[in-house]
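1. A structural model of the following input is requested.
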Amino acid sequence: MSGHSHFHNIKIKKGAEDAKRSKIFSKLSKEISIAAKDGGPDLTFNVKLRSTVEKAKGFNMPADSIEKAIKKGSGELEGCSYEEFLMEAYGPSGTAFIIEGITDNKNRSFSEIKLIINQKGGKMVNEGAIKWMFEKKGVISVNAEGKNKDDLELLAIDAGSEDFSSEDNTLYLYTRTEDLEKTKKSLEEKGIKIESSNLEWVPKENVAVDDDTREKCERFFETIDEHDDVQNIFTNI
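-> The predicted structure follows:
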């Protein structure tokens, strides 16, 4: 299994440190509304909604904002009619990117994001041209600082993880999509604190790039990530 997406980590750290809270909360609100729309407002039965709310709480999103987003998604409050979208693109030097988003106007979002991609040296491609390079996986991150890595990995395998990788003090556990919640719950029952758990596009193989290309790709990533309708970006770097 290839290593975890470096640029996804940048987004998490950037989000945690960024002063532009309103933009973060706006994106989280859309994600909560979509989850409530798809699976209903009850966190007990809607795993996707429960996971998204946990993420929002991790960013200190106010409880009333979370509740409002749930009610918009379930139809209890009037709101925009959101839909999810996925775009595939080549970045600088032929690197591969998958962009996930939520919008109330897909044509507008595609047009705006395509313009950004072109301006930053990339190229939007047709559906399937990039996606075959990735697999949809459950990804759980665990803070491994001060812990025995071998013990953690054995616990992860026992809980249902298929593979793992590490970066700095973080251990990333990979599961089948349908096993994500079960594995997360099993780890928590064993006293393991989960930093995050998400369904992500994991590259089948990572590509090595030089420092100049990496810098261009980071700018490419960050500019796209600034768009209000973009939720997640995954790459094979």
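
2. I'd guessed Glu162 sits against Glu178; true?
-> No - the pair Glu162 / Glu178 is not scored as a contact, 11.8 Å apart, by C-beta atoms under 8 Å. For glycine as for every other residue, the C-beta is placed from the backbone atoms N, C-alpha and C.

3. more crowded one of those two?
-> Glu162 (15 against 8; other C-beta atoms under 10 Å).

4. with adjacent residues omitted, what lies nearest to the more buried one?
-> Tyr174 (5.5 Å; C-beta to C-beta, 6 or more residues apart in numbering).

5. buried residues, the longest helix along the chain. List them.
-> Counting residues, the longest helix found in the chain (DSSP state H) is helix 21-39. Within helix 21-39, the residues scored as buried using 16 or more other C-beta atoms under 10 Å are 24-25, 27-37, 39.

6. of those residues, closest to Ala56?
-> Distance to Ala56, by C-beta to C-beta, is smallest for Leu28 among those, at 4.6 Å.

7. the closest one is in contact with Glu54, isn't it?
-> No - checked against C-beta under 8 Å, the pair Leu28 and Glu54 is beyond contact range at 11.0 Å.

8. element containing Leu152?
-> Assigning secondary structure by DSSP states H and E places Leu152 in helix 149-159.

9. list the buried residues in that helix.
-> Result for helix 149-159 [16+ other C-beta under 10 Å]: buried residues Leu152, Glu153, Leu155, Ala156, Ala159.

10. give me the residues contacting it.
-> If you take C-beta atoms under 8 Å, 6 or more residues apart in numbering as the criterion, helix 149-159 is touched by Val142, Ala144, Phe164, Ser166, Leu171, Leu173, Thr183, Ser186, Leu187, Lys190, Ile192.

11. surely Tyr174 is within a strand?
-> Yes - in this structure, Tyr174 lies within a strand as judged by DSSP: H, G, I helix; E, B strand; the rest coil.

12. quick one: contacts for it?
-> Contacts of Tyr174 (C-beta under 8 Å, 6+ apart): Met1, Lys137, Gly138, Val139, Ser161, Glu162, Asp163, Phe164, Ser165, Val202.

13. any idea what it is bridged to?
-> Val139, Asp163 (DSSP bridges).

14. from Lys216, how far out is it?
-> Between Tyr174 and Lys216 the distance is 28 Å, computed by C-beta to C-beta, to the nearest Å.

15. one more: Ile24?
-> From Ile24 to Lys216 the distance is 25 Å (C-beta to C-beta).

16. so Phe110 sits right up against Glu83, yeah?
-> No - between Phe110 and Glu83 there is no contact under C-beta under 8 Å: 11.9 Å.
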